[in-house]
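S.K.: Fold the following for me, if possible:
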Amino acid sequence: MEKRKKRLKVNKNLFNLFLLSQLHTIGQSLVGIFGVIFIYEKYNFSLELVLVYYFLFHLVAFLIIPIGSIFINRFGIKKSIILGKILLLIYYLMFIFFQPYNIFFLLTFFSVGAFGTAFYWVPYHVNFAKLTDKNTRGTQIGMLGSMIAIISIVIPVSAALIITKLGYNYLFITTAIFYLLSIIPILKIDHANENYSFKYFETFSKLFDEKYRKDFLIYILEGAESIIAAIIWPIMIFLLLNKEYQAVGITTSLIVLGTVILNILLGKATDKFEKNKMIKIASFLNAIGWFLKIFVHTAFDIFITSVYHDFSRIFLKVPYQTFYYEKWADNGHFVDEFTVIREEGLRVGRIIMVAFILFVITTFEIDLKYILIFGILIFYFLGTIIQDKTKLLRLKGGTIIKT
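M.R.: Numbering: from 1, shown residues only. Next up is the predicted model:
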């Protein structure tokens, strides 16, 4: 008798967790690509100063995130995630009063953002690992990604419209409103009950512990690549489109639309591949994506290469995230420790990459686009390491089966 497919059950917790993600994503994506452009303008289009800014931000975050995680024990998951939301809301409102050369303001600004990240993201990942269904977690992650992608189609062009008609301040206020609204579903979730067991300095020593070492390296590579994707590439788009906000917004929205359509048309075809093989293939395709972006000159070039690149990322994201949520959930009460290791690894990768790019552009005369080559190398190593770690796992129908 043929086995029935397990249906995806959307219970109260899953619904509110997804609603929380949607509202958070809308708020975050409104700033999105324009947040980097805002900083770039505030520093008079100096890439060097932008990189110094992000170096300091991620350094402060690296030092503060373990403190925030320890305080989760005192507040509990629910209060922590609400506090994180409020701090992130304040963080975005502080952009209105941004003072690029005031060290006291910047340190306060960075600290608010870092504590907000610790109080929000660590409990969020704990909740997702604990409250999602182990048997359909891959499907749930895929569904969440699809929902976010569809909503994201209109966000960049909406953000550009707000900036050109009303100014940046209204963009930051709109983001804060969505963050405020996202507190509502938090109140309705039956939050997981976890305690963070590492002490402050113990957290840093655990990063190099044999148990976490390979995971930590993956997070470093992921964080390093995110600097290229979130800072270098947006600035390139802005310059290639002659610093036109509406052109940036329309092009970015079209990229998301093209990616969604391609995913709908071809997404099911990927089910024929074993997920560990898909990760290896996707890493190779992503590396090619960075290579192609070196040669962009027009809005059409940006659109074609970005749709291809973002679509190839989908192949990597779902099996990758599913594997790690499964791993975190399987580690019982250590799930919050694993999420902190991830957050710290991302910060280390970003700090290293920012410092490296800063060294390269101040030491050598190099075109900005050639920095994308580092993305090629990162994805090659990332895919190799992840594929090696997942070779004992096979995902089928959203279920992870140990072989």
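S.K.: Now the residue nearest in space to the middle of the chain. Nearest residue, chain neighbours left out?
M.R.: The structure's the chain has its C-alpha centroid closest to residue 226; by Cα atoms, centre = their mean the separation is 7.7 Å. The shortest distance from residue 226 to any non-neighbouring residue, by Cβ to Cβ, 6 or more residues apart in numbering, is to residue 350 (6.5 Å). In short, each C-beta sits where N, CA and C put it, glycine included.
S.K.: ok so, going back, residue contacts, the residue nearest to the centre of the chain?
M.R.: Applying Cβ atoms under 8 Å, 6 or more residues apart in numbering, we find residue 226 in contact with 346, 349-350.
S.K.: pLDDT averaged over stretch 203-218, what's the number?
M.R.: For stretch 203-218, the mean pLDDT works out to 83.
S.K.: Give me the distance from it to the chain's centre.
M.R.: Put simply, stretch 203-218 sits 20 Å off its chain's centre (Cα atoms, centre = their mean, to the nearest Å).
S.K.: Now do that stretch: distance from first to last residue.
M.R.: 17 Å (Cα to Cα, to the nearest Å).
S.K.: which of the residues in it are buried?
M.R.: The neighbour-count check on stretch 203-218 (16 or more other Cβ atoms under 10 Å) flags 203, 206-207, 212, 215-218 as buried.
S.K.: Make sure residue 19 is actually in contact with residue 185.
M.R.: Yes. Using Cβ atoms under 8 Å, residue 19 makes contact with residue 185 at a distance of 4.3 Å.
S.K.: Going by neighbour count, which residues of the one helix or strand residue 170 maps to are buried?
M.R.: Assigned by DSSP states H and E, residue 170 belongs to helix 168-181. Judged by neighbour count (16+ other Cβ under 10 Å), helix 168-181 contains these buried residues: 168, 171-172, 174-179, 181.
S.K.: Which parts of the chain are strands?
M.R.: 393-396, 399-402 (DSSP state E).
S.K.: Low-confidence regions, the stretch 251-400 of the chain specifically.
M.R.: 263-279, 316-336, 379-400 (pLDDT under 70).
S.K.: Grab the longest helix from the chain for me.
M.R.: The residue-count maximum for a helix in the chain (DSSP state H) belongs to helix 47-94.
S.K.: what's the pLDDT at residue 53?
M.R.: 96.
S.K.: tell me the contacts of it?
M.R.: Residue 53 neighbours (Cβ under 8 Å, 6+ apart): 39, 43, 100, 106.
S.K.: try it again with 7 Å
M.R.: Contacts here follow Cβ atoms under 7 Å, 6 or more residues apart in numbering; on that basis residue 53 touches 39, 43.
S.K.: circling back: now do the shared contacts for residue 19 and residue 185.
M.R.: When Cβ under 7 Å, 6+ apart defines a contact, no residue borders residue 19 and residue 185 alike.
S.K.: if I look at residue 345, how far off is residue 92?
M.R.: Here the criterion is Cβ to Cβ, to the nearest Å. By it, residue 345 lies 25 Å from residue 92.
S.K.: where are the low-confidence patches of the stretch 51-200 of the chain?
M.R.: For the stretch 51-200 of the chain, the ranges with pLDDT under 70 are 129-149, 191-195.
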